[in-house]
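> generate a structure from the sequence data that follows.
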Amino acid sequence: MDAVKGMEYLQEDPCIVIDEVSMRYRVPSSEVPAEDINATGPMRLLRHLMAKPNLVTVNALNPMSLVATRGESIGIVGRNGSGKSTLMKLINGQVKPTTGAVYAVSTPIMLGVNAALVPELSGDHNVVLGCLAMGLTRAEIAEKFDEIVELSGLEKAIHLPMRSYSSGMASRLRFAIAASIDPEILLIDEALNTGDAQFAGRSKKRMDELREKAGCVFLVSHSLDTILEMCTRVVWMDKGDLLMDGEPKAVVKAYKEFTTQLSRGNNITAAKMRSEAMDSLTVTRVLERSTGRRSTRAQ
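Okay, the predicted model is just below:
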């Protein structure tokens, strides 16, 4: 990388470029103003609750930029409500950002979204449906079928109705289907927390194969062990903000220390840690020239 006034420029060819993306929602709220709660009695409060809800703005994702290069497996960690799933939906194109733009070299495949499965049908029938939905021909499905079943680990259960599956079994089948087409960009949102050690090993092997084929993987998970085992880079998000981006062990350690302080009620210490993490993050800019995409890794 060439250093120019403290800025880092990526020479690698990126898979995903997230340029100053933000997401705001307008949602109804039944929150009662304090002056109404303390006002003239219960009837005024009741009238307020029965009235049309006020619309409030929710900042699901504050402006952020991120560059993902080929061969990376990027883990995303953060508390509930941090904006992790919102970011995945923006990358996948399910929702349009309020500001900014997302650029991708190919269509990102969201695990469990592109594979439109039918609970009443058996697992093997769902394999065919899911693969057809992702553009595979019947000949290609026949060629990959055994590999999909092996990766899912369902064995004879593949012939049972999917509605009879546990959530872990269904997640494994969705992963196996989504990963069958060698997507250049694969998005996985809380789909690998099955508690199955054998599946964890198989899925990691498959993710390694995807990255070796110049692909890119985004993984959202509350399982920090899964993140450490499967990711080459980790992003920490909190309340819609990007706080830290870098080497998995360092980011996971910082995040664990942050959540530990919160669990102990040390909110001031946690807030200080949060602020320090944001201050240490290098800001990304997407410039006009082809080499003008900067890393967001913390320095």
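> drop to CA atoms for contacts and neighbour counts, all remaining ones
Fine.
> pLDDT score for S295?
We have a pLDDT of 40 for S295.
> now do the contacts for L132.
R138, I141 (C-alpha atoms under 8 Å, 6 or more residues apart in numbering).
> V102 versus that one, what's the distance?
L132 is 27 Å from V102, where distance means C-alpha to C-alpha, to the nearest Å.
> what does T69 give?
On the measure of C-alpha to C-alpha, T69 and V102 end up 14 Å apart.
> shared neighbours of these two, anything?
In contact with both T69 and V102: I16, using C-alpha under 8 Å, 6+ apart.
> quick one, helices of this protein?
Here the chain has its helices, by DSSP state H, at 34-37, 42-50, 84-92, 123-133, 138-152, 167-178, 197-212, 224-230, 248-263, 267-279.
> helices or strands up against the fifth one?
On a contact count with 3 or more C-alpha pairs under 8 Å, 6 or more residues apart in numbering; DSSP states H and E, helix 138-152 meets helix 123-133, helix 167-178, helix 197-212.
> identify, out of these, the most deeply packed stretch.
With neighbours defined as mean count of other C-alpha atoms under 10 Å, the helices and strands packed on helix 138-152 peak in mean count at helix 167-178, which reaches a mean of 23.
> ok, now which ones touch the residue nearest to A68 when sequence neighbours are not counted?
Nearest residue to A68, sequence neighbours excluded (C-alpha to C-alpha, 6 or more residues apart in numbering): I16, at 5.0 Å. Applying C-alpha under 8 Å, 6+ apart to I16 gives the contacts L66, V67, A68, T69, V102, Y103, A104, V105.
> need those in TSV with neighbour count, can you?
Below are the contacts of I16 laid out as TSV (neighbours: other C-alpha atoms under 10 Å):
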residue	neighbour count
L66	23
V67	22
A68	23
T69	20
V102	19
Y103	14
A104	16
V105	12
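> which of those fall in strands?
L66, V67, A68, T69, V102, Y103, A104 (DSSP state E).
> now flag whichever of these is closest to R163.
Distance to R163 across the ones in strands among the contacts of I16 (C-alpha to C-alpha) is lowest for A104, with 34.5 Å.
> which residues does that closest one form a beta bridge with?
With DSSP bridges as the criterion, A104 is bridged to I16.
> do you know how far it is from E209?
A104 is 20 Å from E209, where distance means C-alpha to C-alpha.
> can I assume I227 is in contact with G78?
No - in this structure, I227 is not within contact of G78 by C-alpha atoms under 8 Å, at 11.7 Å.
> could you list the low-pLDDT ranges of the protein?
Counting by pLDDT under 70, the chain contains low-confidence residues at 1-12, 29-53, 111-116, 190-197, 214, 283-299.
> and the helices and strands packed on helix 138-152: which comes nearest Y25?
Proximity to Y25, assessed across the helices and strands packed on helix 138-152 by C-alpha to C-alpha, is greatest for helix 167-178 (28.8 Å).
> picking up where we left off before, in the ones in strands among the contacts of I16, find the pair that's most separated.
It's T69 and V102 that sit farthest apart of these, by C-alpha to C-alpha, at 13.9 Å.
> quick one on the thing from earlier: and the ones in strands among the contacts of I16, which is closest to A139?
Using C-alpha to C-alpha, A104 is the member of the ones in strands among the contacts of I16 that lies nearest A139, at 28.6 Å.
> I figured the closest one hits C15, correct?
Yes - with contacts counted by C-alpha under 8 Å, A104 reaches C15, the gap being 5.7 Å.
> ok, how many other residues are close to the closest residue in space to Y103 that isn't next to it in sequence?
In this structure, Y103 finds its nearest non-sequential neighbour in V17, 5.1 Å apart by C-alpha to C-alpha, 6+ apart. Neighbours of V17 under the rule other C-alpha atoms under 10 Å: 21.
> confirm for me that V17 is in contact with R70.
No - using C-alpha under 8 Å, V17 is not in contact with R70; the gap is 11.5 Å.
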